[in-house]
Structures are given as C-alpha cells and as structure tokens.
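K.L.:
model the structure of this input:
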Amino acid sequence: QVQLAESGGGLVQAGGSLRLSCTNSGRSSFTYFMGWFRQAPGKEREFAAAINWSGGSTRYADSVKGRFTISRDNAKNTVYLQMNSLKPEDTAVYYCGADRTYWGTDSSQYDYWGQGTQVTVSS
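P.N.:
Presented below is the predicted three-dimensional model:
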C-alpha cells in the first residue's frame, strides 16, 4: 500500500545544494507523516527532518537546522528535502520514512521506508 522511492541524490561540492524527493506510489490514499533520515558508513541511521500530514509543522535535527528544508506536495504524494550549504559531513545515504501517526526522531517507529539515495559532498 505504501511504496516509497527517493531520488535527487548525487555528488556535490561543499557549499552546494541538492533537492531530494520521496514519492509514494502505493495505492493508499492515507496521508502519512513523513521523515528524512540519513546513514553514513559505519554509523546508525539518524534523524534529519520530519513533516506532519498537512505540511504545516516541521522539525529538524540541530545538525541540519537552518540549512535543510522539508516540504510536501500531497497532490503529488511527494515529500522534498531541500539541502543547502552542504558539508562533507552530510555525506550519507538518505532515506524517507512514512508512518500513520509518528513523525519523531526514532527511526524504528516508522512503518515504511524507501531504498535510499546517495548524497556525497566533496571538500
């Protein structure tokens, strides 16, 4: 019912920008709470940003606050992560997660995940 697919990753120089997209192509008409997480090699998956079902409320990790912006277009079943002023430490695989009721920082609470998209920031 929920099929998430991330796109928009790539290689960028420090200080550059990327916009990630996460599209739900599943048949469910339910509007899910959404989160973006990232996982660097050898590290645990960590929270980056989340957005409520309407897009009216957002939350961010301190490490990305002021640089990343999460948004959504429910008509397109898509959530975005605009990433500006990228740093080498932002290098990771970025995943989007969806849940019916949860939009916090604990990745284990999200029911659905995409396959991830690689973001590499060179110094």
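
K.L.:
beta partners of the most centrally placed residue in the chain?
P.N.:
Using Cα atoms, centre = their mean, the residue of the chain that lies closest to the mean C-alpha position is residue 36, 2.5 Å off. Taking DSSP bridges, one finds residue 49, residue 96 as the beta-bridge partners of residue 36.

K.L.:
was I right to think it contacts residue 70?
P.N.:
Yes: the pair residue 36 and residue 70 qualifies as a contact (Cβ atoms under 8 Å) at a distance of 6.2 Å. Just so you know, the C-beta spots here come from the backbone N, C-alpha and C atoms, and that holds for glycine as well.

K.L.:
do you know how far the residue nearest to the centre of the chain is from residue 123?
P.N.:
Applying Cβ to Cβ, to the nearest Å, one obtains 23 Å for the distance of residue 36 from residue 123.

K.L.:
ok, now residue 74?
P.N.:
Computed with Cβ to Cβ, the distance linking residue 74 and residue 123 is 37 Å.

K.L.:
so the two - more neighbours on which side?
P.N.:
Neighbours around residue 74 and residue 123, counted as other Cβ atoms under 10 Å, are more numerous at residue 74. The numbers are 13 against 9.

K.L.:
spatially nearest residue to the more buried one, not counting backbone neighbours?
P.N.:
Beyond its immediate neighbours in the sequence, the residue positioned closest to residue 74 (Cβ to Cβ, 6 or more residues apart in numbering) is residue 31, lying 5.8 Å away.
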